[in-house]
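Asker: Following is a predicted model, sequence given first.
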Amino acid sequence: MRRDGMDSAFFNGIRTAGFGAAGVAIFSIATTAAHAATGVDAGGKPDGGLPQLDVSAFPTQIFWLIVSFALLYWIMSKMAVPRIAEVLEERQERITDDLETADRLKSEAEKVQADYEKALAEARSEAQGQIKAANDEAAAEQAKAEAEHAKKMARKVKTAETRIGKQRDEALESLMAVASEAAVEATGKLIGVTPGEDSVKRAVEAVSGDGRA
Amino acid sequence: MAGNASPTEGGFPSPVEQFHLLDIVEVNVGGLDLSFTTSAFYMMASAILVGTFLVQSMKGRHLVPTRLQSMAELSYEFIAGMVRDNVGSEGRPYFPFIFSLFMFILVGNLFGMLPFGHYTYTFTSQIIVTFAMAMAVFVGVTVIALMKHGLHFFTFFFPAGAPIYMAPLLIPIEILSYLSRPVSLSVRLFANMMAGHTMMKVFGTFVVMLGVFGVAPMLVLVALTGFEILVAILQAYVFTILTCIYLNDALHLH
C-alpha cells in the first residue's frame, strides 16, 4: 500500500480551505512539495499491479464504507425520506383538496346558472302570457266597440231611411194634390167641364199608381 | 503516496497511478490498518453531502418547491418510481436503502470528476468497495428471499414449466448465474469507473506530451469528460436498478 502521512497535512489544509480554486492551487503546490520532499517511491511497495488489488488497503475501505454508508442510511431513513415523503404527501393532499373545492364550486356555479336560466324562462313565459292577455283584451274591446258602432250606425241609417220615406210619402201626397188641381184646371180649360172631385182623384191615382209601381 | 508514485518509464507516467490511496489520518486498531484515506474521505463526503443536501433542501417544506427542494424531490421520486415499477409496493421498506445506495454511488462517481489532481478519488473505482456493496445487496436479498419464502426459495433455481429431465442442466446454470450476480454487479461499476478514469489520464498525458499538437487529444479529452459524467450517472442508475431487480426476484421468485 502506497500512502504518505505527509499528505494528510495538506488534506487537512484543504478541508479548512474548502474546495475552491485556492484549494486547487494549494493541492498542486503541495503535490510538488511532496514530490521534492519524499522522492520517488519512498517506502512504497514495488510498483506493478493495479493499486485496487492491494489487499492491505481492503480493511480500511470496507470499514469506512460501512461507517459512511451506515451514516447515510441513518440520515436517510430517519430524516430525509420521512421529510420528503411528508412534504410530497402534503402537497398531494393540498392538490386533492383544491381540486375538490374547485369541483364543488363548479357544481355550485352550475346550479346557480341553472336557477337563473329557469327564472329567466319563467319570466319570459309569464311576459308572453301577459302580452297575449293584453292582446286578447284589446281585440275584444275593439270588437265590442266595432259592434256598438255598427249598431249605432244601423240605427242612424234606419231613422234616416224612415225620415226619407216619410218625406217621400209627404212629397207624393202633395204631388197628387197638385196633380189633381192641375188636372181639374186643365180639364176646365180644355173642355170647359169641371170634373167631379172623385173622378179626378181616381184618374190621378190610376196614373200615379203606374208611376209608383 | 501520490506524488512519489509516478514511475516515469520513458517519460510516460502510469495511468493507473491515480488509483493509489493517500492516508489522511493513519489509524491502526489492533494491528488492523483502518487509516482514513482519500477513498474514505470521499465516502464520508458523499454520505454527508447527500444527507445534508436532502435534509437541508427540504427544511423549508415549501408547498411550491425551491430549486434545491425540487432537486431533492426529483431524486426521491426518481428512485421511488424505480422501486415501484421494479419491485412493487412490497419494496417500500427497502426504499431508504436503495435511495441511499443510488445517491451514494452517484455522488461518489461524480466526485471522481472533480479536477483536484491526486486529491480527487473515485471510491467506486476500488473493486473492494463495489464488491462490498454488491455483496451486501446479494446477501441481503438472499436473506430476504429465505425469510419470505423459506425452503420454497430454492425453486427459484428451477424455472417453472421446464421439463424435469432438464433439471441437471438448468439447476447448475441457474445457481451459477445467481452466484455470479455480485461479481457482475461489482465488476461492472468498478471496471467502468476505472476504465474511464484511465482513459482520461492517458489522453491527459498525451495533451502534455504533444505540446502544441496536444490540441487534438485535448478535444478528445473534452468529449471524454462529458462521456465520463454520463457514465458516472448511468452506472449509478444501473447498479441501483439491478438491485431493484434482484430484490424483486427475492420478493416474488420470478
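Answerer: On my side now, so go ahead. Numbering: from 1, shown residues only, chains lettered A, B, ... in the order given.
Asker: Next, the contact list for the closest residue to residue A:195 other than its chain neighbours, please.
Answerer: In this structure, residue A:195 finds its nearest non-sequential neighbour in residue A:187, 5.4 Å apart by C-beta to C-beta, 6 or more residues apart in numbering or on different chains. Bear in mind the C-beta positions are built from the backbone N, C-alpha and C, glycine included. The neighbourhood of residue A:187, defined by C-beta atoms under 8 Å, 6 or more residues apart in numbering or on different chains, consists of A:193-195, A:200.
Asker: helix or strand for residue A:187, which one?
Answerer: helix A:81-191 (DSSP states H and E).
Asker: now residue B:102
Answerer: With DSSP H and E as the criterion, residue B:102 is inside helix B:95-111.
Asker: swap in residue B:130?
Answerer: Taking DSSP H and E as the definition, one finds residue B:130 inside helix B:127-149.
Asker: what mean pLDDT would you report for stretch B:169-184?
Answerer: For stretch B:169-184, mean pLDDT rounds to 93.
Asker: re earlier: and the helix holding residue B:102, does that touch chain A?
Answerer: Yes - Helix B:95-111 is in contact with chain A by C-beta under 8 Å from any C-beta of the partner chain, via B:95-97, B:99-100, B:103-104.
Asker: Pop out the phi and psi values for the closest residue to residue B:217 other than its chain neighbours.
Answerer: Leaving aside its chain neighbours, residue B:217 sits nearest to residue B:206 (3.9 Å; criterion: C-beta to C-beta, 6+ apart). When quoted as degrees, to the nearest 10, the phi and psi of residue B:206 stand at phi -60, psi -40.
Asker: any idea which helix or strand comes after the lowest-mean-pLDDT helix or strand in chain A?
Answerer: Counting by mean pLDDT, DSSP states H and E, the weakest-scoring helix or strand in chain A turns out to be helix A:21-38, with a mean of 37. Using DSSP H and E, the helix or strand that follows helix A:21-38 in sequence is helix A:58-75.
Asker: Alpha carbons of that next one, as PDB, please.
Answerer: Taking Å, rounded to 0.1, in the frame of the first residue of the first chain, the C-alpha atoms of helix A:58-75 are listed here in PDB:
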ATOM      1  CA  PHE A  58      -9.100  -3.600   1.800                       C
ATOM      2  CA  PRO A  59      -9.900  -3.500   5.600                       C
ATOM      3  CA  THR A  60      -9.800   0.300   5.800                       C
ATOM      4  CA  GLN A  61     -12.000   0.700   2.800                       C
ATOM      5  CA  ILE A  62     -14.600  -1.800   4.000                       C
ATOM      6  CA  PHE A  63     -14.500  -0.200   7.400                       C
ATOM      7  CA  TRP A  64     -15.100   3.300   6.100                       C
ATOM      8  CA  LEU A  65     -17.600   2.100   3.600                       C
ATOM      9  CA  ILE A  66     -19.600   0.600   6.400                       C
ATOM     10  CA  VAL A  67     -19.300   3.700   8.500                       C
ATOM     11  CA  SER A  68     -20.200   6.200   5.800                       C
ATOM     12  CA  PHE A  69     -23.000   4.100   4.300                       C
ATOM     13  CA  ALA A  70     -24.400   3.500   7.800                       C
ATOM     14  CA  LEU A  71     -24.300   7.200   8.400                       C
ATOM     15  CA  LEU A  72     -26.100   7.900   5.100                       C
ATOM     16  CA  TYR A  73     -28.700   5.200   5.700                       C
ATOM     17  CA  TRP A  74     -29.400   6.500   9.200                       C
ATOM     18  CA  ILE A  75     -29.800  10.100   7.900                       C
END
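Asker: And it, what's buried?
Answerer: A:58, A:60-65, A:67-69, A:71-73, A:75 (16 or more other C-beta atoms under 10 Å in any protein chain shown).
Asker: could you give me the average pLDDT of that helix?
Answerer: On average, helix A:58-75 scores 93.
Asker: so how far is it off the chain centroid?
Answerer: 67 Å (C-alpha atoms, centre = their mean, to the nearest Å).
Asker: That helix vs chain B: in contact?
Answerer: Yes - contact between helix A:58-75 and chain B, assessed by C-beta under 8 Å from any C-beta, occurs at A:58-69, A:71-73, A:75.
Asker: Give the other helices and strands that that helix contacts.
Answerer: Contact here means 3 or more C-beta pairs under 8 Å, 6 or more residues apart in numbering or on different chains; DSSP states H and E; on that basis helix A:58-75 packs against strand B:32-33, strand B:36-37, helix B:38-57, helix B:95-111, helix B:127-149.
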